[in-house]
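Chemist: What shape does this take:
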Amino acid sequence: MAGSQIERVFSVLESLTQEPRGVPMQTLAEQLGIPKSATHRLLTELVRLGYVRQNSENSRYHLSTKLVAMGFQYLASSGADIVQPILDRLAQETGELVRLGVVDGERLTWIAKSQGARSGLRYDPDMGRDAPLYYTASGHAWLASMSDAMALAQVERQGITPPEGVGPNAPHSNVELLERLRIAREQGYACVEESSAIGTSAIAAVVRSPLGKHVVGVLSVAGPSARLPQARLHELAPLLLQFTEELSVACQASELFDA
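Modeler: Next comes the predicted model:
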């Protein structure tokens with residue numbers, strides 16, 4: 001791959017986030033299109049700085065916990081303590097997983113969560129990744145706040161090829177996606193059933209800045225479809241919207257939001 005040294009560094013780090021078991025240097029060089037010698041220099045420097053570690057038994061390279069620690073430190077200093085109690089209360093009242101995604105430029109990234117389920121099935125995906133826009137409730141809620149043209153452009157930038165294991169009710173075309181966005185606009189929230197994954201459902205609504213009224217985040221409730229059929233999703237809507245309003249007020253005191 002072409003690009004500056006800093007682009008190569010971040011490409012290495014981003015690739016390693018997808019490989020918890022580690023990656024051999026040769027494989028990483030081939031994946032990124034970087035010469036083996038250059039890859040070795042980058043990894044050596046990243047190991048020296050503490051961002052990457054090398055497994056002494058199999059020579060694979062892994063991310064260290066340094067980036068994770070930096071992320072937690074940033075969240076702690078940016079006002080996560082202000083929004084977390086709100087998420088905890090919503091999770092307690094719904095008994096399901098609550099997630100908060102923050103809009104950062106052209107990305108919607110899940111940055112906080114609270115698990116309300118104390119027993120039985122628990123739906124609990126990893127944090128810190130961008131919400132897939134094409135087939136998740138969070139993605140639909142955000143896209144519905146835009147014009148159709150802007151929404152499709154946003155989806156195109158992220159990519160519309162769903163991964164293996166996506167739910168059977170994921171949109172199969174842009175026409176189908178736009179119809180779901182139309183419904184979400186009319187309702188004021190988005191619902192999906194077995195769209196992002198088999199056996200899961202979710203409802204989501206946007207959080208707006210109290211000043212400019214632009215969208216700064218998305219709040220969602222998700223769980224097993226057995227507990228969250230369509231009727232239950234709509235039943236939760238007023239509560240969800242109530243909490244988005246509370247988050248809207250709280251975002252003024254948190255640097256997590258571009259309010």
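Chemist: after the helix or strand of the chain with the lowest mean pLDDT comes which helix or strand?
Modeler: When each helix and strand of the chain is scored by mean pLDDT, DSSP states H and E, helix 66-77 comes last, with a mean of 73. Per DSSP states H and E, the first helix or strand lying C-terminal to helix 66-77 is helix 80-94.
Chemist: For that next one, which helices and strands make contact with it?
Modeler: When contacts are defined as 3 or more CB pairs under 8 Å, 6 or more residues apart in numbering; DSSP states H and E, helix 80-94 sits against strand 97-104, strand 107-115, strand 215-224, helix 230-250. In short, each C-beta sits where N, CA and C put it, glycine included.
Chemist: Quick check, L247 in contact with G101.
Modeler: No. Contact criterion CB atoms under 8 Å: L247 and G101 do not qualify, at 11.3 Å.
Chemist: any residues in contact with both of the two?
Modeler: Residues touching both L247 and G101 by CB atoms under 8 Å, 6 or more residues apart in numbering: 217, 219.
Chemist: Tell me which of the two has more neighbours.
Modeler: A count of neighbours by other CB atoms under 10 Å puts G101 above the other of L247 and G101, at 28 against 23.
Chemist: Please give me every residue in contact with the more buried one.
Modeler: Applying CB under 8 Å, 6+ apart, we find G101 in contact with 108-111, 131, 138, 142, 217-220.
Chemist: between these, which is closest to Y61?
Modeler: Nearest to Y61 among these is T109, at 24.8 Å by CB to CB.
Chemist: Can you pull out the low-pLDDT segments for the chain?
Modeler: The chain contains residues with pLDDT under 70 at 1-3, 72, 74-80, 117-128, 161-163, 165, 253-259.
Chemist: Please report the number of neighbouring residues for the nearest residue to G217 once chain neighbours are set aside.
Modeler: Nearest residue to G217, sequence neighbours excluded (CB to CB, 6 or more residues apart in numbering): V207, at 4.1 Å. Residues lying near V207 (other CB under 10 Å) number 26.
Chemist: Nice, that's everything, thank you.
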